[in-house]
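Asks: give me a 3D structure for the following:
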Amino acid sequence: MISRLMQRVLPALFFAASFATALHLPAQQTSPIAVDHAHDGAHDFDFLIGDWKAHVRRLPDRLNGSNKWDAYDGISNHHKILDTNSNFEQFEVWSKDKSQHLKAQTLRLYNPDTQQWYIYLVDADKGTLDTPPVVGQFTGNRGEFYHQEISKGRTVLVRYLWLNLSPKSARMEQSFSPDGEKSWEVNWICELSR
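Replies: As a prediction, this is how the structure comes out:
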């Protein structure tokens, strides 16, 4: 059953995703991802469909050697969109003392021509869809997705790593590389369980 929020948000997401796809917005990647034409990745994110408990560790001060992590707990719910391979995530977590609150939405679209996933961060409160998307694919139970962004005035490579650990366990990590993949700093770890 689609929640009321999704009933209000999905039409705007479909329009935004269709518009972005129609424009063929390029993913700004420095790491080329070879397309494995023998692998149809259309169902690679199926393991996420459903409701999860989320435990998040977040490094708020990035790219300066900090090791002070903030921790959060909450939910991560993933739903297929209209019986397609695309899916939508609603994510909401709080710090232990409830003083910090993070919420996000994610739209994942699969392109059968490139056999890659396009991951868009959605801000339903502001009505925005982050572009360019994070782009990549799975090899087995490990998915790697890349793009570039500006952090502290410099261009960094961003990597999402998704791990399908078991039917009751998954993990997502976000890392930044300021030096062209010579080093990676993990700054977000989300452990999912059910």
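Asks: what is the burial count for the closest residue to residue 60 other than its chain neighbours?
Replies: Sequence neighbours aside, residue 70 is the residue nearest to residue 60 in space, at 5.8 Å (criterion: Cβ to Cβ, 6 or more residues apart in numbering). Quick note: C-beta positions are derived from backbone N, CA and C, even for glycine. Neighbour count of residue 70, defined by other Cβ atoms under 10 Å: 14.
Asks: roughly how far does residue 70 sit from residue 99?
Replies: 10 Å (Cβ to Cβ, to the nearest Å).
Asks: same check, this time on residue 41
Replies: 40 Å.
Asks: try residue 139
Replies: Applying Cβ to Cβ to residue 139 and residue 99 gives a distance of 40 Å.
Asks: please state the offset of the helix or strand hosting residue 77 from the chain centre?
Replies: If you go by DSSP states H and E, residue 77 is part of strand 70-80. For strand 70-80, the separation from the chain centroid amounts to 12 Å (computed by Cα atoms, centre = their mean, to the nearest Å).
Asks: list the helices and strands that strand packs on?
Replies: strand 50-58, strand 87-95 (3 or more Cβ pairs under 8 Å, 6 or more residues apart in numbering; DSSP states H and E).
Asks: could I get the ones you listed as a markdown table with mean neighbour count, mean pLDDT and distance to residue 156?
Replies: Shown next, in a markdown table, are those (neighbours: other Cβ atoms under 10 Å; pLDDT from 0 to 100; distance: least, Cβ to Cβ, whole Å):
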| stretch | mean neighbour count | mean pLDDT | distance to residue 156 |
| --- | --- | --- | --- |
| strand 50-58 | 17 | 98 | 16 |
| strand 87-95 | 18 | 97 | 22 |
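Asks: quick one: closest of those to residue 149.
Replies: strand 50-58 (16.3 Å; Cβ to Cβ).
Asks: what angle sits between the helix or strand containing residue 190 and strand 70-80?
Replies: Assigned by DSSP H and E, residue 190 falls within strand 185-193. Going by axes from the mean of the first three to the mean of the last three Cα atoms, to 10 degrees, strand 185-193 is angled at 60 degrees with respect to strand 70-80.
Asks: strand 50-58 and strand 185-193, what's the angle between them?
Replies: Going by the same axes, to 10 degrees, strand 185-193 makes 150 degrees with strand 50-58.
Asks: residue 118 - how many residues pack around it?
Replies: The number of residues packed near residue 118 is 24, by other Cβ under 10 Å.
Asks: can you tell me, leaving aside adjacent residues, what's nearest to residue 44?
Replies: For residue 44, the closest residue by Cβ to Cβ, 6+ apart turns out to be residue 138, at 4.1 Å.
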